[in-house]
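> the sequence and its predicted three-dimensional model are supplied below.
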Amino acid sequence: MFGNSFGGFVAMRYASRHPDHPSKLILSSTQARRFGDVSADRFEALGGAAARACYEQIYVHKNLTPEAWVEYQRLCTPLYNVRTSPFGPRRTWMNVRVLDSFTPASMNMDLREDLPAIRCPTLVLVGEDDPMTPPVAAYEILALLPDGVGRLEVLDECGHGTFRDQPELTDALLRKFFAE
């Protein structure tokens with residue numbers, strides 16, 4: 001089972017409720033709870049005060065209007081990844097209509113109590129430069145998994161969704177994990 005970003009919340013919840021179902025779990029660029037201050041600081045460092053304010057509108061003040069999401073798409077999502085392609089900076093793209101499913105309750109999820117119930121081998125992937133799901137969140141996930149269940153890979157020069165900035169390395173790590 002693979003969960004990236006918010007999909008990681010879904011994967012963690014499923015694996016904790018059905019510990020005998022997944023044979024392996026990959027948690028990529030995710031967190032068990034929000035690290036609002038850390039993320040806000042990282043967005044500000046990357047995009048200035050406007051990026052911080054935009055992040056806080058969504059994730060602190062819970063302004064989930066389409067206009068706020070459009071502004072987030074403009075100011076914050078370009079900061080998710082660090083590499084560029086021949087076509088310009090890689091960007092995480094969010095469908096604003098899909099984001100209608102985000103609610104204040106879903107944005108306040110805290111799955112720390114769920115993690116000790118996960119029993120399958122779990123690979124936790126995080127980009128060192130990920131502003132949305134910072135490495136501190138991955139370290140917390142690893143610490144809350146049962147002993148011997150989790151393994152953490154922090155990828156240098158990588159942002160949100162390690163497969164975007166480091167596709168070859170991410171592929172190699174996944175292949176190794178699947179083969180074990």
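Here it is on my side, so go on.
> how about low-confidence regions in this structure?
Residues of the chain meeting the criterion pLDDT under 70: 84-106.
> where do the helices of it begin and end?
Using DSSP state H, the helices of the chain run over 6-17, 36-59, 66-75, 104-107, 135-144, 162-165, 167-179.
> for those helices, which one sits closest to residue 127?
Each of the helices of the chain has some distance to residue 127 by Cβ to Cβ; the shortest is helix 162-165, at 5.3 Å. C-beta: built from backbone N, CA, C; applies to glycine.
> helices or strands up against that closest one?
The helices and strands touching helix 162-165, judged by 3 or more Cβ pairs under 8 Å, 6 or more residues apart in numbering; DSSP states H and E, are strand 122-127, strand 150-155, helix 167-179.
> any chance of those in a markdown table, with distance to residue 60 and mean neighbour count too?
As requested, the helices and strands packed on helix 162-165 are arranged in a markdown table below (distance: least, Cβ to Cβ, whole Å; neighbours: other Cβ atoms under 10 Å):
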| stretch | distance to residue 60 | mean neighbour count |
| --- | --- | --- |
| strand 122-127 | 22 | 26 |
| strand 150-155 | 26 | 18 |
| helix 167-179 | 30 | 13 |
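> which one of the helices of the chain lies nearest to residue 23?
Among those, the nearest to residue 23 by Cβ to Cβ is helix 167-179 (9.6 Å).
> ok and the closest one relative to strand 122-127, angle-wise?
170 degrees (axes from the mean of the first three to the mean of the last three Cα atoms, to 10 degrees).
> for helix 167-179, packing partners?
So helix 167-179, by 3+ Cβ pairs under 8 Å, 6+ apart, packs with strand 122-127, strand 150-155, helix 162-165.
> a markdown table for the helices and strands packed on helix 162-165, including distance to residue 116?
Listed next are the helices and strands packed on helix 162-165 as a markdown table, based on distance: least, Cβ to Cβ, whole Å:
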| stretch | distance to residue 116 |
| --- | --- |
| strand 122-127 | 12 |
| strand 150-155 | 11 |
| helix 167-179 | 21 |
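> wait, which of these is closest to residue 107?
Residue 107 lies closest, by Cβ to Cβ, to one member of those: strand 122-127, at 19.6 Å.
> tilt between the closest one and helix 6-17?
Using the same axes, to 10 degrees: strand 122-127 against helix 6-17 is 160 degrees.
> in its sheet, what does strand 122-127 sit against?
strand 25-28 (parallel), strand 150-155 (parallel) (DSSP bridges).
> dump those strands to CSV, plus distance to residue 115.
Below are the strands paired with strand 122-127 laid out as CSV (distance: least, Cβ to Cβ, whole Å):
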stretch, distance to residue 115
strand 25-28, 10
strand 150-155, 9
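> now for the helices of the chain, which one comes closest to residue 118?
Closest to residue 118 of the helices of the chain, according to Cβ to Cβ: helix 6-17, at 4.8 Å.
> for residue 110, which non-adjacent residue is closest in space?
residue 33 (4.3 Å; Cβ to Cβ, 6 or more residues apart in numbering).
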